[in-house]
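*Asks:* pasted the sequence and its predicted model underneath.
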Amino acid sequence: MSIDHVPSTEPTVIEVRTPWCPACSAMERDLQHVAAQFADTVSFIQVDAASDPGMAANLGARSTPTIVAYRDGNEVYRSVGRLTLNELERLFAGVGDHATFPNLRKRDVAIRVGAGAGIIILGLATGPTWPLVGIGMIAAIFGGVTWLRTR
Amino acid sequence: MIEAKETIVKFINEASWDRIGRVVLGIVMLWLGLAVVDGTWGVVLTVVAFVPLITGLVGWCPIYAVLGSGTRAKDDSKAMAA
């Protein structure tokens, strides 16, 4: 799959590699095998750090091979170095499984709604200070929208 | 092309402790600016408070992105189950 077609919500595994990286070459066969095995459920993308260093930097890859997995637009897994066939199979199987890799967006919801509630309470307790209450409501709504998007 | 890159770049680069710290700092500064400190300093505190508050709520720090660093990878990267 081309990097032009990165899905925003689908489970996606990205490998950042270079043509001269021995560990990348050693893992290539297993990676292609597992990617083909899970092609229906997990998108697989390879980024060549040599030809696209900007993308590699955007992905936070400082050495190769770096494997990053995304679900719902959030990073749920990252590793550097060669993975075995068994580890790759568990990774691809786990990317789509919330039990293996908990959805980090739940944390977003907790932080945003919690912050909103805290600001509202603080605003009501100090006066009330209505600008604080308003800002708290915006934060809480932000968390609510995040929660709705994860359902 | 641009759309795809933006989707990837938008990933969270702050660890949970970092985000909570920013949110708490932002709330305290907001409270000081709006309810405690009067005058120019109150306005300054209120405006500046939005920086840690918003970066904490969103989970993405532009300075981390520019520097290519972040606290997220150290905290949240998942090790493979044995």
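*Replies:* Cool, the structure landed. Numbering: from 1, shown residues only, chains lettered A, B, ... in the order given.

*Asks:* tell me the secondary structure for A:Ile67?
*Replies:* Classification of A:Ile67 using DSSP: H, G, I helix; E, B strand; the rest coil returns strand.

*Asks:* by mean pLDDT, which helix or strand of chain A comes out lowest?
*Replies:* The weakest-scoring helix or strand in chain A, judged by mean pLDDT, DSSP states H and E, is strand A:74-80 (a mean of 78).

*Asks:* who does that strand pair up with?
*Replies:* With DSSP bridges as the test, strand A:74-80 is paired with strand A:66-71 (antiparallel).

*Asks:* which stretches in chain A count as helices?
*Replies:* Here chain A has its helices, by DSSP state H, at A:22-37, A:53-58, A:85-95, A:105-125, A:130-150.

*Asks:* please read the previous query as pertaining to chain B.
*Replies:* Using DSSP H, helices in chain B cover B:2-9, B:16-31, B:39-58, B:62-67, B:72-76.

*Asks:* pick the most deeply packed of these.
*Replies:* Most buried of the helices of chain B, by mean neighbour count (mean count of other Cβ atoms under 10 Å in any protein chain shown): helix B:16-31, with a mean of 20. Where C-beta positions appear, they are placed from N, C-alpha and C, glycine not excepted.

*Asks:* keeping just the C-alphas, turn it into CSV.
*Replies:* The C-alpha coordinates for helix B:16-31 follow below in CSV (Å, rounded to 0.1, in the frame of the first residue of the first chain):
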residue,chain,number,x,y,z
SER,B,16,-0.2,10.8,30.3
TRP,B,17,1.8,12.3,33.2
ASP,B,18,2.9,15.2,30.9
ARG,B,19,-0.7,15.8,29.8
ILE,B,20,-2.1,15.8,33.3
GLY,B,21,0.6,18.1,34.5
ARG,B,22,-0.1,20.5,31.7
VAL,B,23,-3.8,20.4,32.4
VAL,B,24,-3.4,21.0,36.1
LEU,B,25,-0.9,23.8,35.5
GLY,B,26,-3.3,25.4,33.0
ILE,B,27,-6.3,25.1,35.4
VAL,B,28,-4.3,26.7,38.3
MET,B,29,-3.1,29.5,36.0
LEU,B,30,-6.6,30.1,34.7
TRP,B,31,-8.0,30.2,38.2
